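Chemist: Generate coordinates for the sequence data below:
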Amino acid sequence: MSISSANIANILKKVYTDASMAHFMLCQNPLLGLIEKKMTSGSDGGTVIPAIYGDYAGRSADFTESLSSMASGYIPNEAFNLTIAENFANAQIGHRQIKATQNNATAFLNMLKEAQESNMRSLRKDLAFDLFRDGSGIIGTVSTVAGQVITFTDRKGMRKIDLGTRLFCYSDSAFGTQRANTAVVTHIDRAGGKVTVTGAITAWVAADVVTVAGDAGIKIKGIASWIPSTAPTSGDNFFGVDRSKDAVALAGVRFDAGSMMLKDAFIDASAELVEISEANPDVIVVSPRKFAELAKETSDRSTTVGFNGKIEIGYSSIKIACANGLVDVVVDASVPDNRAYMLDLATWKFLCLGSSKLFSTWSEDGLDMIRSASANSLEMRMYSYIQLACFAPSKNAVILFNS
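Modeler: Below you'll find the model as predicted:
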């Protein structure tokens, strides 16, 4: 077959329709599908989110006092000045591979699909993990370093690591000191939370934090940022807002469940959320282990929750009768085991620069693939220009467990 940019673009458009892209990207991660995607624009995609956390002070049973209060002019409102976070994925197809498959349409198609899907998987796994984190890009804390083997304190971050992944190491979560040398992953023990790497990593020690190279401090601000497990204190600066002025209105509700049974914890947390914020949560997101615990507690009274848009996708859930009515509990592998998030989905949006898609192929110039400048190959590039936005943090809660 003839190899040209037009042919490649035509093939990819037929294989990856909006429906197939949505199912590929969203089926395994409920919150990626359930949160609305909204296009934003402007020179850099920055968006101002008004945060009105009170009403005019001009109310009193005494008319004169009402006027005096109004005259004070104090209006409790703030504005989150959101910035877009960038993310990229690149894949290559070697020229020799292209020559070997150009007369075999099936082989050529499979090669194209593998390159495209590699990029999509990489971006999906990365975003799914970051959605429940704080924007730091930290994938784990070092437990031990033995020779070229790094063991992490939590294996969750292994989801972001593949063979060949380049890792950076820092002395603390503020990225105070970057340890010497980049580590390149050569072997992975996902069950044990271990990786074997190249590079001289003798400076890496226990309690250091690790990121994928280039990620430190510039990832999307996930739910853990918007609804932190510790209430913000004076001097907080989150998208330009000091949330300590009203930690619930501006940073959500925190409920310490300790070692409670999950069903009891969810019911009590919903009562706290509804009482404090007049909230109406409709979904609770938990880790696979917590979902399994809940299934045992409730004899798995499961149902299906989904979203309606151009594409319909359903997710298994367990319904719990909470203070505001029935709430769906869904599972996501990226949620930490020591917490759950009780959310009002109507208050959340993904702001996407230039489109309403989480990920796109870089093809504005009409080229879905370009000739590599440094290798005898074609490159396929995908990008993500997005930020997570919460329009009413007070309507959401983090539920904290001992383990």
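
Chemist: Buried residues, stretch 80-96. List them.
Modeler: For stretch 80-96, burial by neighbour count (16 or more other CB atoms under 10 Å) applies to Phe80, Leu82, Ile84, Ala85, Asn87, Ala89, Ala91, Gln92, Ile93. Backbone N, C-alpha and C define where each C-beta goes, glycine included.

Chemist: out of the residues you listed, who's nearest Gln28?
Modeler: Nearest to Gln28 among those, counting by CB to CB, is Ala89 at 17.0 Å.

Chemist: could the buried residues of stretch 80-96 be laid out in JSON lines, adding secondary structure and distance to Leu32?
Modeler: Below are these laid out as JSON lines (DSSP: H, G, I helix; E, B strand; the rest coil; distance: CB to CB, whole Å):
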{"residue": "Phe80", "secondary structure": "strand", "distance to Leu32": "22"}
{"residue": "Leu82", "secondary structure": "strand", "distance to Leu32": "19"}
{"residue": "Ile84", "secondary structure": "coil", "distance to Leu32": "17"}
{"residue": "Ala85", "secondary structure": "strand", "distance to Leu32": "15"}
{"residue": "Asn87", "secondary structure": "strand", "distance to Leu32": "14"}
{"residue": "Ala89", "secondary structure": "strand", "distance to Leu32": "16"}
{"residue": "Ala91", "secondary structure": "strand", "distance to Leu32": "21"}
{"residue": "Gln92", "secondary structure": "strand", "distance to Leu32": "26"}
{"residue": "Ile93", "secondary structure": "strand", "distance to Leu32": "27"}
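
Chemist: any idea how far Asp264 is from Lys319?
Modeler: Distance from Asp264 to Lys319, counting by CB to CB, to the nearest Å: 16 Å.

Chemist: pLDDT and distance to Gly258 added to the buried residues of stretch 80-96, as a markdown table?
Modeler: Formatted as a markdown table, those follow (pLDDT from 0 to 100; distance: CB to CB, whole Å):
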| residue | pLDDT | distance to Gly258 |
| --- | --- | --- |
| Phe80 | 93 | 32 |
| Leu82 | 93 | 34 |
| Ile84 | 94 | 38 |
| Ala85 | 95 | 34 |
| Asn87 | 94 | 36 |
| Ala89 | 89 | 40 |
| Ala91 | 79 | 46 |
| Gln92 | 76 | 50 |
| Ile93 | 77 | 53 |
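
Chemist: circling back: so for Asp264 and Lys319, which residue has more residues nearby?
Modeler: Between Asp264 and Lys319, counting by other CB atoms under 10 Å, Lys319 is the more crowded of the two (15 against 11).

Chemist: distance from the centroid: which residue in this structure tops it?
Modeler: Farthest-out residue of the chain from its mean C-alpha position, per CA atoms, centre = their mean: Thr64, at 50.3 Å.

Chemist: For the host helix or strand of that residue, C-alpha coordinates in PDB please.
Modeler: Secondary structure from DSSP states H and E places Thr64 in helix 63-71. Output of helix 63-71 as PDB, limited to C-alpha atoms (Å, rounded to 0.1, in the frame of the first residue of the first chain):
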ATOM      1  CA  PHE A  63     -33.400  47.300  59.500                       C
ATOM      2  CA  THR A  64     -30.900  49.800  60.700                       C
ATOM      3  CA  GLU A  65     -28.400  47.100  61.500                       C
ATOM      4  CA  SER A  66     -29.000  45.500  58.200                       C
ATOM      5  CA  LEU A  67     -28.100  48.800  56.400                       C
ATOM      6  CA  SER A  68     -25.000  49.100  58.600                       C
ATOM      7  CA  SER A  69     -23.900  45.600  57.800                       C
ATOM      8  CA  MET A  70     -24.400  46.100  54.100                       C
ATOM      9  CA  ALA A  71     -22.400  49.400  54.200                       C
END
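
Chemist: Can you list the buried residues in it?
Modeler: For helix 63-71, by 16+ other CB under 10 Å, it's Ser69.

Chemist: which residues touch the residue positioned nearest the centre of the chain?
Modeler: Centroid check for the chain by CA atoms, centre = their mean gives Leu131 as the closest residue, at 1.6 Å. Counting by CB atoms under 8 Å, 6 or more residues apart in numbering, Leu131 touches Asn29, Leu31, Leu32, Ile220, Gly222, Ile223, Ser334, Leu388.

Chemist: If we use 10 Å, what do you get?
Modeler: Residues near Leu131 by CB atoms under 10 Å, 6 or more residues apart in numbering: 29, 31-32, 35, 219-220, 222-224, 285, 332, 334-335, 341, 350, 388.

Chemist: Which members of the residues you listed occur in strands, if any?
Modeler: Members of the contacts of Leu131 lying in strands (criterion: DSSP state E): Val285, Tyr341, Phe350, Leu388.

Chemist: hmm, back to that, the contacts of Leu131: which two are farthest apart?
Modeler: Pairwise distances among those were taken by CB to CB; the largest, 18.6 Å, belongs to Lys219 and Val285.

Chemist: Helices of the stretch 51-200 of the chain, start to end?
Modeler: 63-71, 95-101, 105-130 (DSSP state H, counting those that start in this stretch).

Chemist: Repeat that for the stretch 251-400 of the chain.
Modeler: 262-277, 288-298.

Chemist: can I see the domain layout of the chain?
Modeler: 1-134+220-403, 138-212 (automatic domain parsing).

Chemist: ranking the ones you listed by mean pLDDT, which is last?
Modeler: Mean pLDDT values for the domains of the chain show the minimum at domain 1-134+220-403, a mean of 83.

Chemist: so how far is that domain from its chain's centroid?
Modeler: 5 Å (CA atoms, centre = their mean, to the nearest Å).

Chemist: bridging residues for Ala79?
Modeler: Counting by DSSP bridges, Ala79 is bridged to Pro50.

Chemist: Tell me, how many residues neighbour it?
Modeler: Using other CB under 10 Å, Ala79 has 13 neighbouring residues.

Chemist: didn't it look like it was pressed against Phe238?
Modeler: No. Using CB atoms under 10 Å, Ala79 makes no contact with Phe238, being 11.6 Å away.

Chemist: Quick check: bridge partners of the nearest residue to Asp328 once chain neighbours are set aside?
Modeler: Among residues not flanking Asp328 along the chain, Ser317 sits closest, at 3.9 Å (CB to CB, 6 or more residues apart in numbering). Here Ser317 sits in beta bridges with Thr303, as judged by DSSP bridges.
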